[in-house]
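S.K.: could you work out the structure for the sequence below:
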Amino acid sequence: MFKKLSEQEVLERLNLRKTEVKCLDKLPPLDKFYISFVSQYEDAEITPDIEVLGYEKVVKENRYLATNYTNISKMVWLIGRTGQGDQWFIKRDNGVILFYDHNQGEYSDMKQFVSLHIGFSDFLQMAFLYQDLEILLNKQAEATKDQIINFIKTINSIYPNLYESYPFGYFR
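M.R.: This is a model prediction of the structure:
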């Protein structure tokens, strides 16, 4: 049913940029897999809740963040958003993926960010599992008990309790 993808299988699901970004001086030192993604791949809306921004958009969004939220921008790097206006970040010091609920208003404190305890590669892995779930649910309207158990187990194989940490509830 559901299975984790290798990094190569994840990359095969993404669209390559027409031209690779060679000059990456506008990016901070971050996770190598993330830097590779931004330089080689286009924006990707993987699910309605996970859109990962490409190079041009990510530079523009983080420039805005640095101008308007200087302290927060030194600790996080915006990498994507959801269809509801929430955002995804990478924590600059350790590469961990963070979620920010826009209902909190302005960024004021790191305590507002929820950690998924995974890096960018695992984040894409998780995103494509949720995409596979969305495809399944579009085909059959409801998942079977075995499919639900398999899905949760597969998500949690990426990181313990990742399914429970994910900010959008499925089967809860």
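
S.K.: okay, CA-based contacts and neighbour counts for the rest of this
M.R.: OK.

S.K.: show me the contacts for the closest residue to residue 112 other than its chain neighbours.
M.R.: Among residues not flanking residue 112 along the chain, residue 100 sits closest, at 6.8 Å (CA to CA, 6 or more residues apart in numbering). Residue 100 makes contact with 86-89, 112-114, according to CA atoms under 8 Å, 6 or more residues apart in numbering.

S.K.: what ranges do the helices span in the chain?
M.R.: 7-12, 32-40, 55-68, 70-73, 120-140, 145-158, 162-165 (DSSP state H).

S.K.: report the buried residues of the longest one.
M.R.: The neighbour-count criterion (16 or more other CA atoms under 10 Å) identifies 120-133 as the buried residues of helix 120-140.

S.K.: do you know how far the most centrally placed residue in the chain is from residue 95?
M.R.: Among the residues of the chain, the one closest to the centroid is residue 123, at 5.0 Å (CA atoms, centre = their mean). Separation of residue 123 from residue 95 (CA to CA, to the nearest Å) stands at 11 Å.

S.K.: do residue 10 as well
M.R.: Taken as CA to CA, the span from residue 10 to residue 95 is 18 Å.

S.K.: same check on residue 39?
M.R.: Here residue 39 is placed at a distance of 17 Å from residue 95 (CA to CA).

S.K.: can you add mean pLDDT and distance to residue 80 and give the helices of the chain back as TSV?
M.R.: Shown next, in TSV, are these (pLDDT from 0 to 100; distance: least, CA to CA, whole Å):
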stretch	mean pLDDT	distance to residue 80
helix 7-12	92	17
helix 32-40	94	11
helix 55-68	96	8
helix 70-73	94	14
helix 120-140	95	11
helix 145-158	95	20
helix 162-165	95	18
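
S.K.: including distance to residue 22, could the ones you listed go into CSV?
M.R.: Listed next are the helices of the chain as CSV, based on distance: least, CA to CA, whole Å:
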stretch, distance to residue 22
helix 7-12, 19
helix 32-40, 7
helix 55-68, 11
helix 70-73, 24
helix 120-140, 20
helix 145-158, 31
helix 162-165, 34
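
S.K.: so for residue 26, which of the ones you listed sits nearest?
M.R.: With CA to CA, the closest approach to residue 26 among the helices of the chain belongs to helix 55-68: 6.9 Å.

S.K.: chain center to that closest one: distance?
M.R.: Computed by CA atoms, centre = their mean, to the nearest Å, the chain-centroid distance of helix 55-68 equals 17 Å.

S.K.: confirm for me that residue 152 is in contact with residue 166.
M.R.: No. Look at residue 152 against residue 166 with CA atoms under 8 Å: they stay out of range, at 11.1 Å.

S.K.: higher neighbour count, these two?
M.R.: Neighbours were counted for residue 152 and for residue 166 using other CA atoms under 10 Å; residue 152 has more, 18 against 15.
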